[in-house]
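**Student:** Need a 3D model of the following:
(one chain, ligands or ions: 2)
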Amino acid sequence: MFDRQMLQLYFICGTNDVPDGDIERVLTEALKAGITMFQFREKGEGALTGEAKKQMALTLKELCQYYQVPFIINDDWELAVHIDADGVHLGQDDQDVKEVINYFPDKIIGLSVSDFHEYDQSDLTYVDYIGVGPVYETSSKSDAKKPGGIELIRKMRLYDEDIPIVAIGGITNKNCELILKAGADGVSTISSIARSQNIEQDVKAYLDYYQKN
Ligand code: TZP
Ligand code: MG
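**Tutor:** Ligands and ions are numbered 1, 2, ... in the order given. Have a look, this model is predicted:
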């Protein structure tokens, strides 16, 4: 089910990340332009909850299915199970992977790892990929740790030569090349797509790298 190529351009978004709140439009444009994975990360003030969150998740899942792009839910593993998402992305403070794995046979499980201490304390047996960052400063996550720069990616790749790595934090199509050259399998982004004035053009500029390499 999981293939590391899915990480190439991993778009993460919730309704609060989109200036006019129209996440369906943004996701549709991003899917059309070629994103390779999507994560619904609904957080912050005024975020959807309960039934409204579930309905939005179902709508976005359908969009992803149409474009055959994996649909992942952030944190809320119960919702992921309930609506049969393609997987879940967990943070260090979320439910333990071991405790949810039985609900996710053949599904994708991602885990956030922001440094080597977190890597060492994580059981990666059932983890398909790790999200490593922040690489650069970000304004999309209020409690983001200190940025580790490209060195964080380079060192993580040396530390674990095999695990699929997606980099996160302050990434744009202008700085992604160095990150990928440092050993990441892909890049994830919120604002560079959610706030883009031209999603098609910006997504294609990311994907150019893979076409040339
Ligand atoms: N985790 C680490 S940084 C970050 C998350 C969810 C936010 C990334 O957002 P952006 O806009 O791509 O910097
Ligand atoms: Mg989390």
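**Student:** for residue 58, what are its contacts?
**Tutor:** Residue 58 is in contact with residue 83, counting by C-beta atoms under 8 Å, 6 or more residues apart in numbering. Any C-beta I mention is one placed from the backbone N, CA and C, and that applies to glycine too.
**Student:** quick one, phi psi at it?
**Tutor:** Reported as degrees, to the nearest 10, the phi and psi values for residue 58 are phi -60, psi -40.
**Student:** if I look at it, how far off is residue 167?
**Tutor:** Residue 58 is 29 Å from residue 167, where distance means C-beta to C-beta, to the nearest Å.
**Student:** Report the beta-bridge partner residues of residue 112.
**Tutor:** residue 131 (DSSP bridges).
**Student:** for it, what are its contacts?
**Tutor:** Going by C-beta under 8 Å, 6+ apart, residue 112 touches 89-92, 118, 130-131, 133, 168.
**Student:** Residue 202 too?
**Tutor:** For residue 202, the contacting residues are 33, 173, 192-193, 196, by C-beta under 8 Å, 6+ apart.
**Student:** Go ahead and report the secondary structure state at residue 138.
**Tutor:** Three-state assignment for residue 138 (DSSP: H, G, I helix; E, B strand; the rest coil): coil.
**Student:** Would you confirm that residue 87 contacts residue 70?
**Tutor:** Yes. Using C-beta atoms under 8 Å, residue 87 makes contact with residue 70 at a distance of 6.5 Å.
**Student:** These two - which one has more neighbours?
**Tutor:** Between residue 87 and residue 70, residue 87 has the larger neighbour count (other C-beta atoms under 10 Å), namely 24 against 21.
**Student:** What sits closest to that one if chain neighbours are left out?
**Tutor:** residue 108 (2.9 Å; C-beta to C-beta, 6 or more residues apart in numbering).
**Student:** can you pull out the helices in the protein?
**Tutor:** Here the chain has its helices, by DSSP state H, at 23-33, 50-66, 77-82, 97-100, 116-121, 149-159, 176-181, 191-194, 199-212.
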